[in-house]
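In: The following block contains a protein sequence and its predicted model.
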Amino acid sequence: MPRMFTGAVAVIAAWSLAATASAQGNESRISAARDSIITDRTLGISFVRIGSLTSHQVNNYEMLLQSAEGTIKRASVKVSVSGKRLVDLSGSFGGMLDLDDPAAKSLLKDRVRVDSVAVGDLCFRREYWAVYAGMGAWEGVINCLALVGSQYYALSMSADLPAGKPGEIANGIKSNAEFLQLRVVDALSDSREPVVQQFNALLSSVRLSR
Amino acid sequence: MTRRILFLLMFLIVVPVLRAQSSTTLEAKGMWIWQLWTANGGNLTAVIDKLKSVGVTWVVIKMADSDSYYNRSGKSLYNWAAGYGGMDSVVSTFHANGIKIMG
């Protein structure tokens, strides 16, 4: 078999394993009503499905959002339940960052804005992150965390934004990192953005069942 | 006189070498890939097919940010590459398809 096809075979094998595991154990605890509401009884959470569901593991779901309109063309959303305070910084840190880990200290400067949002009885702490990833690319993240008992319920949307290089001169104006960070956060805060609208719909749909 | 000849010889040898080093450039078409694990839906074969179809012969893959190395357990790149036998295997697949890798 040509070497270039070995990866594809591995993916198919992995998919088959996941499908088998799902059929054997997970199917009974997850129900998707007409694919629009995801209810996970083990995690005690239900939420509306937005975009396409790209992965599901024991304690998290990942969905892909795409829009031809607006500044944000593509974003991924993770819904997770964990004992840790996590934020999805895949594009910069390279994965889920534990906010209580010493490694997070140097990145906290990129958490630009914090507020809170109430969803039913839940109060989410909402954080806006803007992290420079190089080559003019920025990772913009809305991270919503609610602590219930000893578990953090997290909804994290990560978007790729080509906001520009710090120090670059555009239209005669030199852009510094702080200016570009605000540009990223403004895009994430813009309720006219289709991707942001979808994320807000997800956030407002969250219900806990424990 | 001998010292002058030696100096001249050194000049004639060193300057061309320095010039050759400073003019080293990346040739042919290449590109930077930020999040390889999400490119083309995370399908390595599709990524390589796309690169070959547009004549890309080298890519720079983002492998770290500051002191955070991506090819470590738990990181998105590592988890994705595991499905292809690990990052070494991913690199070999690029090479086998005539695409050089930097990262």
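Out: Now that the structure is in, tell me what you want to look at.

In: where exactly do the helices run in chain A?
Out: Taking DSSP state H, the helices of chain A run over residues A:6-21, A:177-189, A:194-205.

In: no, scratch that, I was asking about chain B
Out: Defined through DSSP H, the helices belonging to chain B, from first to last, are B:2-22, B:44-53, B:76-82, B:87-96.

In: elements contacting the third one?
Out: Read that as helix B:76-82. Under the contact criterion of 3 or more C-beta pairs under 8 Å, 6 or more residues apart in numbering or on different chains; DSSP states H and E, helix B:76-82 touches helix B:87-96. Where you see a C-beta, it was placed from the backbone N, CA and C, and this is true even at glycine.

In: do that again at 7 Å, thanks
Out: Using 3 or more C-beta pairs under 7 Å, 6 or more residues apart in numbering or on different chains; DSSP states H and E as the contact criterion, no helix or strand is in contact with helix B:76-82.

In: Then the last one?
Out: Contacting helix B:87-96 under the criterion 3+ C-beta pairs under 7 Å, 6+ apart are the following elements: helix B:44-53.

In: Next, the buried residues of the helix it packs on.
Out: B:44-45, B:47-48, B:51 (16 or more other C-beta atoms under 10 Å in any protein chain shown).

In: repeat for stretch B:81-95
Out: Applying a neighbour-count criterion of 16+ other C-beta under 10 Å, the buried positions in stretch B:81-95 are B:81, B:83-84, B:87, B:89-94.

In: Report the distance from stretch B:60-69 to the chain centre.
Out: Relative to its chain's centre, stretch B:60-69 lies at 13 Å (C-alpha atoms, centre = their mean, to the nearest Å).

In: swap that for stretch A:164-172, please
Out: Stretch A:164-172 has its average C-alpha position 28 Å from the chain's average C-alpha position, going by C-alpha atoms, centre = their mean.

In: Can you get me the start-to-end distance on it?
Out: Chord length of stretch A:164-172, first to last residue, is 14 Å (C-alpha to C-alpha, to the nearest Å).

In: okay, now the residue nearest to residue B:69 when sequence neighbours are not counted: neighbour count?
Out: Beyond its immediate neighbours in the sequence, the residue positioned closest to residue B:69 (C-beta to C-beta, 6 or more residues apart in numbering or on different chains) is residue B:63, lying 6.9 Å away. Residue B:63 has 16 neighbouring residues, counting by other C-beta atoms under 10 Å in any protein chain shown.

In: Verify the stated contact: residue B:63 with residue B:72.
Out: No: under the criterion of C-beta atoms under 7 Å, residue B:63 is not in contact with residue B:72, lying 10.4 Å apart.
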